[in-house]
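Trainee: the following comprises the amino acid sequence and a computationally predicted model.
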Amino acid sequence: MVLDRACLTLIGALFAFAACAWAQEGAPSPDAAISGSIHGVVTSPDGTVYEGARIVLEWSGAAAPPAETQQTDSDGAFTFTDLKPGAFKLTISAHGFSAQTIRGVLQAGEAFDAHTITLPVAAAASEVRVSAEPQAEIAQEQLHLEEQQRVLGVFPNFYVSYDPHAVPLTARQKYQLAWKTEIDPITWAMTGAIAGLEQAANTFPAYGQGAGGYGLRFGANYADGFFGNELGGAVFPALFKQDPRYFYKGTGTIRSRVMYAIANAVICKGDNGHWQFNYSAFAGSLAAGGIANFYYPASDRGSASLLFETTAIGAGEGAVQNLIQEFVIRKLTPKLPHYGTGTP
């Protein structure tokens with residue numbers, strides 16, 4: 001009888017222990033119950049959300065956890081999660097803007113809202129930089145960086161500036177950029193590949209086949225690129241004082257970036273910093289098309305109306321290229337210098 005009672009007591013103790021362990025396993029951990037978060041949005045002075053701003057989260061105290069770093073997303077937002085309570089400091093910075101600091105105390109389980117953080121332009125720093133050396137020298141340094149931009153490390157991507165505040169190019173530098181593109185080995189290789197495809201498809205049959213036909217097709221393709229690039233990227237930009245480059249936006253909503261890319265098919269930035277109708281691109285396209293009539297077979301030459309139609313189609317193709325530049329090419333360009341949309 002005494003043995004039976006001892007057994008029952010032991011069995012009851014085991015059930016009690018198992019129930020206690022099950023309850024503790026199902027209950028949330030203390031860390032999960034007290035974890036919090038910090039979030040906010042970063043904008044530029046004009047109210048545009050800023051993608052790529054650097055956010056550093058630091059904690060106070062002897063046993064403070066290590067600092068965390070993030071970059072704002074395409075909506076200018078950032079979020080730090082799974083944070084323990086305590087005093088913290090946020091440092092927000094971006095190239096060309098004055099850094100901002102926010103201090104606070106995160107309570108257990110709190111979703112701390114840092115609200116909208118506006119980064120003021122670092123005007124003083126910009127003035128010192130411009131006055132320290134002539135603008136032409138600054139533009140030459142920026143141009144040197146652009147001439148190293150290659151998609152997948154191979155294909156030239158020289159006519160894009162990832163610095164929204166790039167110094168205007170001089171007339172000589174516009175010719176330098178055009179010439180750099182025209183003599184690039186990849187330009188020659190691509191021209192040769194296109195000529196080979198045209199020969200295989202017997203495009204422009206008046207050129208004939210064989211080495212002679214290939215040479216004529218190669219020459220015509222290279223001439224198209226040479227005159228189009230030289231006229232639209234150097235001669236007319238120098239004449240109209242316009243910048244032939246595409247200025248990557250990289251910030252704002254997807255819709256605003258799409259509209260910006262499409263608009264840049266017909267407008268450009270002038271050397272005075274103002275946006276204006278892209279006379280250079282349209283005049284260059286028309287002039288290059290007119291010159292092409294001198295070296296294409298008579299049966300393949302276009303009328304004046306066809307020339308204007310081709311120019312309009314070219315503007316549409318330019319819009320597509322700008323969209324690819326805005327959303328794809330930057331990610332495919334390795335060793336890209338950090339400019340206004342990246343970390344300092």
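Mentor: Yep, that arrived.

Trainee: outside of stretch 195-215, which residues touch it?
Mentor: Stretch 195-215 is contacted from outside by L216, R217, F218, A220, N221, Y296, P297, A298, S299, D300, using C-beta atoms under 8 Å, 6 or more residues apart in numbering. Every C-beta, even on glycine, is put in place using the N, C-alpha and C of the backbone.

Trainee: can you list the weak-confidence ranges in the stretch 1-150 of the chain?
Mentor: Low-confidence segments of the stretch 1-150 of the chain (pLDDT under 70): 1-33, 123-134.

Trainee: could you pull out the helices in it for me?
Mentor: Along the stretch 1-150 of the chain, counting by DSSP state H, counting those that start in this stretch, helices occupy 2-26, 30-34, 123-132, 135-146.

Trainee: which of the contacts of stretch 195-215 count as buried?
Mentor: When these are checked for burial by 16 or more other C-beta atoms under 10 Å, the buried set is L216, R217, F218, A220, N221, Y296.

Trainee: residue contacts, the first one?
Mentor: By that I understand L216. F204, Y207, G208.

Trainee: got it, and the fourth one?
Mentor: Remark: with contacts taken as C-beta under 8 Å, 6+ apart, A220 is in contact with F204, Y207, A292, Y295, Y296.

Trainee: restrict the residues you listed to the buried ones and give me that as a ChimeraX selection.
Mentor: Under the burial definition 16+ other C-beta under 10 Å, those of the contacts of A220 that qualify are selected in ChimeraX by:
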select :204,207,292,296
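
Trainee: farthest pair within the contacts of A220?
Mentor: Across the contacts of A220, no pair lies farther apart than Y207 and A292, at 13.8 Å, counting by C-beta to C-beta.

Trainee: ok so, going back, ok, the contacts of A220 vs T333, which is closest?
Mentor: Distances from T333 to the contacts of A220, taken by C-beta to C-beta, are shortest for A292, at 30.9 Å.

Trainee: thinking that closest one is in contact with D224, fair?
Mentor: Yes. Using C-beta atoms under 8 Å, A292 is in contact with D224, at 6.3 Å.

Trainee: now N322: which helix or strand?
Mentor: Per DSSP states H and E: N322 is located in helix 304-327.

Trainee: buried set for that helix?
Mentor: L307, T311, G314, G318, A319, Q321, N322, L323, Q325, E326.

Trainee: do stretch 198-216 as well
Mentor: So, applying 16+ other C-beta under 10 Å, buried residues of stretch 198-216: E198, Q199, F204, Y207, G213, Y214, L216.
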